[in-house]
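Colleague: one predicted model, sequence on top.
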Amino acid sequence: MFEKVNPSHPDKLCDRIAGAIVDLAYELEDDPRIAVEVLLGHGICHIIAETDISLPLYEIEAAVERIAGKVAVDYVEVPQDSHLAKNQEQGFRCGDNGIFKGEPVTGEQQKLAKIAREIYGKYGCDGKYILDDDRLIICQSNASKEELRADYPKAEINPLGDWTGGTDVDTGATNRKLGSDMGDSVTGGGLHGKDLSKADVSVNIWAWLKAQEMDMPVEVCCAIGDEAIGSVSFEEMVETARLYINQIGGFEKFAEWGLVR
């Protein structure tokens, strides 16, 4: 049983905006410190960024408009806490406590991710999908049942009828769709809107990649300030995550579909 939402779901729009802001930070510095939270809906986008660098407001506004359309932007930027900043003065050390469990992606999850991409490629707007064995549920905005049934004749389609979706219907927030992003993997934090020094990003990605490589669950935990997790240095985990993010095309691209792509 698995649910997947597409990149135009309001929660994913928030993840993408947060990712775009982290991308901006990495354009200014090789290793910025930044954590971003986004709340979006009904004509306004609220953003709080805790960071050690200053980001141009016009670039943030441009990223929001590109991703979410013409909405008002309420942007608050505050310095990173001095105690947290000291944690990274001697190189990469875990930026927070955390528990992380990477799980291999299942065939069912791969199948639904493919279906979600196919539908999104056709309609390009808010939608969510569930696959439970042979039961496929499709909720796709701005698409008629007749159109969808031609491609998915056995699916349950838009049970309440046609709908419009988007941020005038539903408010979004960062890191609310981790089940869609991670499948059976488990985290105590969130994947999106944070730089690579945050364990929520780097250790989650490392554990997930290891689970795919070994085809078995990978469980780790860390304390803030740890230089290594088990026999693996935190710096190695950061560089593994950096390579993965770069291969995908950045933090915004990562936010579109999460780890289960």
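Modeller: Now that the structure is in, tell me what you want to look at. Numbering: from 1, shown residues only.
Colleague: can you give me the strands for the stretch 101-250 of the chain?
Modeller: Per DSSP state E, counting those that start in this stretch, the stretch 101-250 of the chain carries strands over the ranges 127-132, 135-140, 156-157, 172-173, 186-187, 218-222, 228-229, 232-233.
Colleague: so where is the stretch 51-200 of the chain shaky, pLDDT-wise?
Modeller: For the stretch 51-200 of the chain, no stretch is flagged by pLDDT under 70.
Colleague: those helices in it, which residues are they?
Modeller: 57-68, 82-86, 107-123, 145-151, 178-182, 199-214 (DSSP state H, counting those that start in this stretch).
Colleague: which one of these lies closest to I21?
Modeller: Closest approach to I21 among the helices of the stretch 51-200 of the chain (Cβ to Cβ): helix 57-68, 6.1 Å. No exception for glycine: its C-beta is placed from N, CA and C like everyone else's.
Colleague: buried sites along that closest one?
Modeller: I60, E61, A63, V64, I67, A68 (16 or more other Cβ atoms under 10 Å).
Colleague: run a quick neighbour tally on S54.
Modeller: 11 (other Cβ atoms under 10 Å).
Colleague: cool, and E227?
Modeller: 13.
Colleague: mind giving me the domain ranges of the protein?
Modeller: Domain segmentation of the chain under automatic domain parsing yields 10-83, 98-106+173-257, 107-169.
Colleague: output the ones you listed in JSON lines; the columns should cover distance to F2.
Modeller: Below are the domains of the chain laid out as JSON lines (distance: least, Cβ to Cβ, whole Å):
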{"stretch": "domain 10-83", "distance to F2": "16"}
{"stretch": "domain 98-106+173-257", "distance to F2": "7"}
{"stretch": "domain 107-169", "distance to F2": "5"}
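Colleague: out of these, which gets nearest to Q90?
Modeller: Relative to Q90, the nearest member of the domains of the chain by Cβ to Cβ is domain 98-106+173-257, separated by 8.8 Å.
Colleague: how far off centre is the closest one?
Modeller: Domain 98-106+173-257 has its C-alpha centroid displaced from the chain centroid by 11 Å (Cα atoms, centre = their mean, to the nearest Å).
Colleague: how long is that domain end to end?
Modeller: End-to-end distance for domain 98-106+173-257: 23 Å, by Cα to Cα, to the nearest Å.
Colleague: what about N142, neighbour count?
Modeller: 15.
Colleague: from E3, how far off is it?
Modeller: Using Cβ to Cβ, to the nearest Å, N142 is found at 20 Å from E3.
Colleague: can you check S54 too?
Modeller: Counting by Cβ to Cβ - S54 and E3 are separated by 38 Å.
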